Structures are given as structure tokens and as C-alpha cells.
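Student: Based on what follows, work out the 3D shape:
(chains A and B)
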Amino acid sequence: NAGVTQTPKFRVLKTGQSMTLLCAQDMNHEYMYWYRQDPGMGLRLIHYSVGEGTTAKGEVPDGYNVSRLKKQNFLLGLESAAPSQTSVYFCASSYEGGGDTQYFGPGTRLTVL
Amino acid sequence: GQQVMQIPQYQHVQEGEDFTTYCNSSTTLSNIQWYKQRPGGHPVFLIQLVKSGEVKKQKRLTFQFGEAKKNSSLHITATQTTDVGTYFCAGPKTDSWGKLQFGAGTQVVVTP
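Tutor: Prediction:
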């Protein structure tokens, strides 16, 4: 039981490049989330999903897209990376929404030059 | 909008001392959760409080949920270097099902 995994762990991009971050969970959780964490800003929700085939915007969705084609996977895409997207990205999942405990992945440290 | 505030933002503690960090919500919460993030790590769930006035203990950590269910506290006794990290509180968002509203966290630094 791996819990929540994220790939890659680290990535450096140049401005304008694109990439996809992959999140996978093996706990059969319905809800999945993408957060970004910046110094002094806590965790900010980018997008989330309440089930396979569904996605919704969080607090800071601009510049990101997501897809949930399979229940266990949640992909975060950056179509044209900007330096402001330099951050640590965490994926999380929960069995239910509504304040259920969230389980976080190890994070992806992204630098955009 | 709904806000969850944590104070202090930073806490420097001498090893062996006690300290308390506070979490205040602008709205009444159905539950409150606490997470710990070690330096370079990811947030890890510590505990959930549901009842008004509830108190739960985990070894040297004592968690309390306020009577009005709008605030919470985390008290650590005899701080150890293993307590280093950032402690986040979080409560369900009242305007949107399925999401948590996280506080900005209290970063704890322990001096040996």
C-alpha cells in the first residue's frame, strides 16, 4: 500500500515549457486535490476532483489544467510555465469530502527559470 | 470568505519548554484537523476533533476544540527536537463541499 505517490519529485523548466505532474493513490479514494505551497502562504488549492471524470477549480486555478480519467490518477498540467509557478506541489486524496482526512503525497519541487 | 488564522506564525522554543499554538476560524466548523509537516516533507494528518470542547492527547501533544467550534489549540509539553516542523490546522469549507480550508501554519523551531 503506497498511499499517495507523485512523479516527478523535482523538475526544472524554462519559461514557456509545458509539463504534467502525475498523482496516483491506491486507497480507492473518491476525492483528490492539487495544492501549491509557497513560503509563508500555507497550502493553496489549485484544482480538485470529487470523482472519476470530474474536476473543479480551487483558489488559484489560473495557468493550470487537470484531468481525472481514472479514479486512482489525478494529473496536473502546466501548458506554458511561468516563473510565478515555481513552487512545491502537493497532491492529496480523501475517501470522502466534507472535511474528511486528507492524505498527502511527497510533493514535486518545480522551478521555472 | 471563510478564513482560518493561526498564531503565532513562528515559534522558537527551547528544548524542554512547553508552548501553545492557536487556530481561529471565521466560521463555525463541523470538525477541525491538525497536520504536521516536517522540514522538506509533506503534511501528515495528526488528529481530528469533532465535538464542542473536545480534548484529545497524543503523548506530549494536547489538542482542544473550542466550545463555540470556531477555535482550536495545540499544546506541546517538554518540547523535543523531533517536534520541529510546521503545524497546520484545517476545517471544512462551509461554502463548498469537499474541501478543507487550511491555516497558514505555525513553524516551530526548537533550540537544543
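Student: Please see if the helix or strand of chain B with the lowest mean pLDDT touches chain A.
Tutor: Across the helices and strands of chain B, mean confidence by mean pLDDT, DSSP states H and E is lowest for strand B:100-102: a mean of 91. Yes: using C-beta under 8 Å from any C-beta of the partner chain, we find that strand B:100-102 touches chain A at B:100, B:102. Every C-beta, even on glycine, is put in place using the N, C-alpha and C of the backbone.
Student: Next up, identify which helix or strand the residue nearest the centre of chain A is on.
Tutor: Central residue of chain A (C-alpha atoms, centre = their mean): A:Trp34, 2.9 Å from the mean position. Using DSSP states H and E, A:Trp34 maps to strand A:31-38.
Student: same for that strand, what does it pack against?
Tutor: Packing partners of strand A:31-38 (3 or more C-beta pairs under 8 Å, 6 or more residues apart in numbering or on different chains; DSSP states H and E): strand A:19-25, strand A:42-49, strand A:73-78, strand A:87-94.
Student: between the third one and strand A:31-38, how big is the angle?
Tutor: Spelled out, that is strand A:73-78. Angle, strand A:73-78 to strand A:31-38, by axes from the mean of the first three to the mean of the last three C-alpha atoms, to 10 degrees: 40 degrees.
Student: Is strand A:73-78 in proximity to chain B?
Tutor: No: under the criterion of C-beta under 8 Å from any C-beta, chain B is not reached by strand A:73-78; the shortest gap measures 13.5 Å.
Student: re earlier: mind checking how far the residue nearest to the centre of chain A is from A:Gly107?
Tutor: Going from A:Trp34 to A:Gly107 by C-beta to C-beta, to the nearest Å gives 11 Å.
Student: shared neighbours of these two, anything?
Tutor: A:89-90 (C-beta atoms under 8 Å, 6 or more residues apart in numbering or on different chains).
Student: Show me where chain B has its strands.
Tutor: Using DSSP state E, the strands of chain B run over residues B:4-7, B:10-14, B:19-25, B:32-37, B:44-49, B:55-58, B:61-65, B:71-76, B:85-92, B:100-102, B:106-111.
Student: Which among those is found nearest to A:Asn28?
Tutor: Nearest of the strands of chain B to A:Asn28, taken as C-beta to C-beta: strand B:44-49 at 17.5 Å.
Student: Now that closest one: buried residues?
Tutor: B:45-49 (16 or more other C-beta atoms under 10 Å in any protein chain shown).
Student: Stretch B:55-63 now?
Tutor: Quick answer for stretch B:55-63 (16+ other C-beta under 10 Å): B:56, B:61-63.
Student: so which pair among the residues you listed is furthest apart in space?
Tutor: Every pair of the buried residues of stretch B:55-63 checked by C-beta to C-beta; the farthest is B:Lys56 and B:Leu61, at 8.7 Å.
Student: Next, the contact list for residue 9, please.
Tutor: In the absence of a named chain, chain A is used. Contacts here follow C-beta under 8 Å, 6+ apart; on that basis A:Lys9 touches A:106-109.
Student: that answer is for a different chain, and I need it for chain B
Tutor: Counting by C-beta under 8 Å, 6+ apart, B:Gln9 makes contact with A:40, B:104-107.
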